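Q: Got a sequence here, can you build the structure:
(chains A and B)
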Protein chains: 2
Amino acid sequence: MDDEGGIQRQGRAAYDLPGLLIGSEGTLGLVTGARLRLLPLPRHRAALLAHFPGVEPLAEAVSEAVASGAVPARMEFMDPACAGAVEDYLRMGLPRGRALLLVETDGEEADLVEEELSLVEASARRHGAEVVRAAGEAEAEALWRARRAVSPALGRIRPKRVNEDIAVPRSALPQVVREIEALGKAFGLVVVQFGHIGDGNLHPNILFDPRKESEEKVWELAHEIARVALRHGGVLSGEHGIGLMKRDFMLEAVDPETLGALHRVKEALDPLGLFNPGKVLP
Amino acid sequence: MDDEGGIQRQGRAAYDLPGLLIGSEGTLGLVTGARLRLLPLPRHRAALLAHFPGVEPLAEAVSEAVASGAVPARMEFMDPACAGAVEDYLRMGLPRGRALLLVETDGEEADLVEEELSLVEASARRHGAEVVRAAGEAEAEALWRARRAVSPALGRIRPKRVNEDIAVPRSALPQVVREIEALGKAFGLVVVQFGHIGDGNLHPNILFDPRKESEEKVWELAHEIARVALRHGGVLSGEHGIGLMKRDFMLEAVDPETLGALHRVKEALDPLGLFNPGKVLP
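A: Numbers count the residues shown, from 1 in each chain, chains lettered A, B, ... in the order given. Model (predicted):
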């Protein structure tokens, strides 16, 4: 229950219509207002940078840390190519040729926050990582500055890129990362991987120069990456949505009966097809 | 993301169909299987019994305790009539003529669990309660035995009852409880109130003897109680559902446009009207 009158009544009447609209990418209606419930910031934070000989042991370490009970606030990763691009861009002294894992834990009790970070650190070390704990807010902030620099940094490798957004079960991460690396090589295209690895949400990016590389081939590779996610029980999109780009992939992601139900729901709530036409549903 | 392959893919394809089915009371489809994610039990628990001169200060105390940051695992209340019935039934020494609040906090850190309970205790004392903390598991278990005895105990006051299930914003609790008390008196019917007050979920029960009291009047009172919830921004049902009993109240709970959308969703997913026909939607 919410503490504000009216919200709950609107929010939940027999069927969860607001829940249906969330994630529908504007295809079922227009949200004209929202009331948000805010939570106070946690009192304590702690962060570390772990660097690994490769992406695979990093993914193993993440999978193991989460299985051991750690629920970090943030777990971000960059493969060596991505980390190298960030280092070229920022010159902040990141190690070369290493896969990076950035982790933040937070909470109300400083002891528990450190304890949780230690779980991650132990998993990382077991998988061959070197670990640097951030000493205080300024060092932690520098780590997150590196993460935020990924997008501008990648633009210096190739002028264009396709940013994938798959999400997979965490236990499948090592295998998924490996298969995507192999696909990039097989296609002869530059693929860098980074993402919110704690959520299993990966952003494999295909970097290309449209003057020299076939855009058709780039989209073929994007499709293959989506198939890797589906094969491992994942989804086409962790946060960016289906839109137009992945609309046709839906035919492989959803069985025909479910797809029929999705179309009928769309027709039920938008019989004239006015809301974001052509998006999401193939 | 779930750690099991396939679930997430089925679970979330463009529109949140599983979310739509949850709470639809079987009117949109049949759930033939479910995979549950289990959480470990918290390491520490603490419980208290607070008794108040009346329901209103109890509701004020709950509202204040939650506003002050307490998020107990359980907050159950009984009005004096309900508590008296339980005492008649169990003879466990509950105070007479008092409104009872039973609270349990839990968590991973014993200190925090006690601290959270202390927030509730302080709020309770500020509103005139006497507070008894359970010393250990056995005493805590006795408190919850009292709560579980409510249903059989009420059966000894009148042979039949209508169990309401409204949920209201916590800030409205004191006023809602007061209005329902007044309604019971105005109708000349026995109304006892108990429920999951921490969630704002109340179970006002109308106790009656069908040989002596008009069942029509009982249902009129049930309808008035539902209206109290709606007037205060609450909902018709906190957990029991709409079913047949509250189906017609939906006309007052939902605006015509939303009701139209609900009907269209029902037709979209159950065009032949096979699933739990006649329930939920008026």
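
Q: okay, CA-based contacts and neighbour counts for the rest of this
A: Noted.

Q: ok, A:Arg161 - contacts?
A: By Cα atoms under 8 Å, 6 or more residues apart in numbering or on different chains, the residues touching A:Arg161 are A:155, A:205-208.

Q: Now with 6 Å, please.
A: By Cα atoms under 6 Å, 6 or more residues apart in numbering or on different chains, the contact list for A:Arg161 reads A:206-208.

Q: quick check, nearest of those residues to B:Arg126?
A: Here the nearest of the contacts of A:Arg161 to B:Arg126, counting by Cα to Cα, is A:Ile206; it sits at 62.4 Å.

Q: what about A:Val162, which SS state?
A: Following DSSP: H, G, I helix; E, B strand; the rest coil, the label given to A:Val162 is strand.

Q: and the gap between the closest residue to it other than its chain neighbours and A:Ile157?
A: Closest residue to A:Val162 apart from its sequence neighbours, by Cα to Cα, 6 or more residues apart in numbering or on different chains: A:Ile206 at 5.2 Å. According to Cα to Cα, to the nearest Å, A:Ile206 stands 11 Å off from A:Ile157.

Q: Neighbour count: those two, which is higher?
A: A:Ile206 (22 against 16; other Cα atoms under 10 Å in any protein chain shown).

Q: Looking from chain B, tell me which residue of the stretch 151-282 of chain A is nearest.
A: A:Gly233 (4.0 Å; Cα to the nearest Cα).

Q: what's the neighbour count on that residue?
A: 22.

Q: now stretch A:28-47: mean pLDDT?
A: Averaging pLDDT along stretch A:28-47 gives 91.

Q: That should have said stretch A:120-128, apologies.
A: Stretch A:120-128 shows an average pLDDT of 97 in the prediction.

Q: The residue sitting nearest the centre point of chain A: what's its closest spatial neighbour, skipping adjacent residues?
A: For chain A, A:Asn201 is the residue whose C-alpha lies nearest the centre (Cα atoms, centre = their mean; 3.0 Å). Nearest residue to A:Asn201, sequence neighbours excluded (Cα to Cα, 6+ apart): A:Ala167, at 4.1 Å.

Q: going on from the lowest-mean-pLDDT helix or strand in chain A, what's the next piece of helix or strand?
A: Least confident helix or strand, chain A: helix A:7-11 with a mean of 39, by mean pLDDT, DSSP states H and E. Downstream of helix A:7-11, the next assigned helix or strand under DSSP states H and E is helix A:17-21.

Q: For that following helix, buried residues please.
A: By neighbour count on 16 or more other Cα atoms under 10 Å in any protein chain shown, the buried set for helix A:17-21 is A:17, A:19-21.

Q: distance between that helix and the chain's centre?
A: Taking Cα atoms, centre = their mean, to the nearest Å, one finds helix A:17-21 lying 23 Å from the centre of the chain it belongs to.

Q: And for it, what's in contact with it?
A: Helix A:17-21 is contacted from outside by B:15-16, using Cα under 6 Å, 6+ apart.

Q: how about 10 Å then?
A: Helix A:17-21 is contacted from outside by A:10-12, A:27-31, A:265, A:269, B:14-20, B:258, B:261-262, B:265, using Cα atoms under 10 Å, 6 or more residues apart in numbering or on different chains.

Q: Quick one: mean pLDDT over stretch A:263-272.
A: If you average the pLDDT over stretch A:263-272, you get 96.

Q: next one: stretch A:145-163
A: 93.

Q: Relative to A:Leu221, how far out is A:Ala253?
A: From A:Ala253 to A:Leu221 the distance is 17 Å (Cα to Cα).

Q: Is A:Leu102 in a helix, a strand, or coil?
A: The three-state assignment at A:Leu102 reads strand, by three-state DSSP.

Q: Surely the residue nearest to A:Val162 touches A:Glu213?
A: No. Assessed by Cα atoms under 10 Å, A:Ile206 is found out of contact with A:Glu213, at 11.2 Å.

Q: shared neighbours, these two?
A: Joint contacts of A:Ile206 and A:Glu213 (Cα under 10 Å, 6+ apart) are A:Leu189.

Q: Point out the residues in the stretch 101-250 of chain A that sit beside chain B.
A: Applying Cα under 10 Å from any Cα of the partner chain, one finds that the stretch 101-250 of chain A approaches chain B through A:108-109, A:112, A:167-172, A:198-201, A:229-238, A:241-243, A:247, A:250.

Q: For the buried ones among those, write the corresponding ChimeraX selection.
A: Here is the ChimeraX command that selects the buried residues among these (16+ other Cα under 10 Å):
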select /A:112,167,168,169,170,171,172,198,199,200,201,229,230,232,233,234,235,236,237,238,241,242,243,247,250
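
Q: one step back: who's the residue nearest to A:Asn201 bridged to?
A: Following DSSP bridges, A:Ala167 is listed with bridge partners A:Asn201, A:Val235.

Q: Surely it is in contact with A:Arg227?
A: No. The criterion here is Cα under 10 Å, and A:Ala167 misses it with A:Arg227 at 11.5 Å.

Q: what is in contact with these two at once?
A: Residues touching both A:Ala167 and A:Arg227 by Cα under 10 Å, 6+ apart: A:233-236.

Q: Any chance of JSON lines for those, columns pLDDT?
A: As requested, the shared contacts of A:Ala167 and A:Arg227 are arranged in JSON lines below (pLDDT from 0 to 100):
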{"residue": "A:Gly233", "pLDDT": "92"}
{"residue": "A:Gly234", "pLDDT": "93"}
{"residue": "A:Val235", "pLDDT": "91"}
{"residue": "A:Leu236", "pLDDT": "92"}
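
Q: quick one on the thing from earlier: so how do I select the buried members of the contacts of helix A:17-21 in ChimeraX?
A: The following ChimeraX line selects those of those that are buried, judged by 16+ other Cα under 10 Å:
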select /A:10,27,28,29,265,269 /B:14,15,16,17,19,20,261,262,265
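
Q: now the contacts of A:Arg161 in JSON lines, with distance to A:Pro72?
A: Below are those laid out as JSON lines (distance: Cα to Cα, whole Å):
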{"residue": "A:Ile206", "distance to A:Pro72": "28"}
{"residue": "A:Leu207", "distance to A:Pro72": "30"}
{"residue": "A:Phe208", "distance to A:Pro72": "34"}
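
Q: In three-state terms, label the closest residue to A:Arg45 other than its chain neighbours for me.
A: Distances taken as Cα to Cα, 6+ apart put A:Asp106 closest to A:Arg45, at 4.3 Å, once the chain neighbours are dropped. With three-state DSSP as the basis, A:Asp106 sits in strand.

Q: Quick one: the helices in the stretch 1-150 of chain A, in order.
A: Per DSSP state H, counting those that start in this stretch, the stretch 1-150 of chain A carries helices over the ranges A:7-11, A:17-21, A:55-67, A:80-90, A:110-126, A:137-148, A:150-154.

Q: For the fourth one, buried residues please.
A: In other words, helix A:80-90. By 16+ other Cα under 10 Å, the buried positions in helix A:80-90 come out as A:80-89.

Q: And the residue nearest to A:Ala261 when sequence neighbours are not counted, how far from A:Asn276?
A: Sequence neighbours aside, B:Leu269 is the residue nearest to A:Ala261 in space, at 6.3 Å (criterion: Cα to Cα, 6+ apart). Separation of B:Leu269 from A:Asn276 (Cα to Cα): 22 Å.

Q: and what of A:Glu213?
A: For A:Glu213, the distance to A:Asn276 (Cα to Cα) stands at 32 Å.
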